[in-house]
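Colleague: Return atomic coordinates for the entry below.
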Amino acid sequence: MSGFVEKPEPVQVPGLVHLHTGKVRDLYQNEAGDLVMVASDRMSAYDWVLPTEIPDKGRVLTQLSLWWFDKLSDLVPNHVLSTDLPPGAPADWAGRTLVCTSLRMVPVECVARGYLTGSGLVEYKESRTVCGLALPEGLTDGSELPAPIFTPATKAAVGEHDENVAYEEVARQVGADTAAQLRQATLAVYSRARDIARERGIILADTKFEFGFADGALVLADEVLTPDSSRFWPADQWKPGRAQPSYDKQFVRDWLTSAESGWDRHGEQPPPALPQPVVDATRAKYIEAYEHLTGMTWS
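Modeller: Below is the predicted model:
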């Protein structure tokens, strides 16, 4: 059992139709048919959307995504039309709302990996492959790969796991031409972002993208290169052979699996509320990632 501990009621805004409540984002459609995407402060972990929010998280994700979209615009178009607040929207939506082109979304999580960790490491230990791609012997947790690899996954509903799949399965699902476009765009964007992050003392270990089509063109959508969708590691602390320090929700994961929380992640009970120190440390880590990457002070 998993999903929302407490599923929020959607905010009602004149002229907007609520479409979906996701783990982090609420989706609406305006009268022009555009998508209005609002990033909440919700936090998810272990397939649960937790009952405790992280203040400013949605704004950090939105502003960091906008920064990256600008850096990547020559490689692939993105779905952002405007950051203007829709008429009648609550003031709290400021800084966390994007008006976007409505796309025909591709039902694939496009994952790029430059380093071995997470589910890729689990598969590598079993078969020396990741998503069916053969890798050299001798790699360990945190090892840099010989070259970035495209390791797609199926998109899962809230409360369910994405599942890694082979490239051939993606080609079967969406067609060979689309699969090739996804792989090319994913690796191009990852490589650009990896180099930008590296200049700022950060390793981009892996990341996931979502793409859709508008008028036949592939378009980058959703959030991009945030601590929610990527593994960012401090370069000066990188040491293969162990779990790496990271700019993400690790404080939350660590507390949930600690004796202090009293929660069994494999049981049926929902996770408890987060204590304030964990909330504060997680918020600080998201802001630190934003400031290191963009060079701008969060305010």
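Colleague: And the pLDDT for Ile12?
Modeller: That one is not Ile; residue 12 is Gln. Listed pLDDT for Gln12 reads 95.
Colleague: again with Val158
Modeller: 50.
Colleague: Same check on Glu268?
Modeller: The score at Glu268 is 87. That number is its pLDDT.
Colleague: what's the spacing between it and Thr52?
Modeller: Separation of Glu268 from Thr52 (CB to CB, to the nearest Å) stands at 20 Å. All C-beta spots, glycine's among them, are computed from the backbone N, C-alpha and C.
Colleague: quick one: which of the two has more around it?
Modeller: The neighbour comparison of Glu268 against Thr52 (other CB atoms under 10 Å) goes to Thr52, with 19 against 7.
Colleague: quick one: that one and Ser44 touch, right?
Modeller: No. The criterion here is CB atoms under 8 Å, and Thr52 misses it with Ser44 at 11.3 Å.
Colleague: can you tell me which residues contact the residue sitting nearest the centre point of the chain?
Modeller: Nearest residue to the geometric centre of the chain (CA atoms, centre = their mean): Ser229, 1.8 Å. Listed by CB atoms under 8 Å, 6 or more residues apart in numbering, the contact set of Ser229 reads Thr207, Lys208, Phe209, Asp222, Glu223.
Colleague: Please flag which of those sit within strands.
Modeller: With DSSP state E as the criterion, strands contain Thr207, Lys208, Phe209 from among the contacts of Ser229.
Colleague: Please enumerate the strands of the stretch 1-150 of the chain.
Modeller: Shown for the stretch 1-150 of the chain, the strands assigned by DSSP state E, counting those that start in this stretch span residues 3-4, 17-21, 25-29, 35-39, 44-45, 48-49, 80-82, 97-100, 104-105, 108-115, 129-130, 133-134, 144-150.
Colleague: Show me which helix runs longest in this structure.
Modeller: As assigned by DSSP state H, the longest helix anywhere in the chain is helix 176-199.
Colleague: Quick one: list the elements packing against that one.
Modeller: Packing partners of helix 176-199 (3 or more CB pairs under 8 Å, 6 or more residues apart in numbering; DSSP states H and E): helix 57-72, strand 108-115, strand 144-150, helix 167-174, strand 202-214, strand 217-221.
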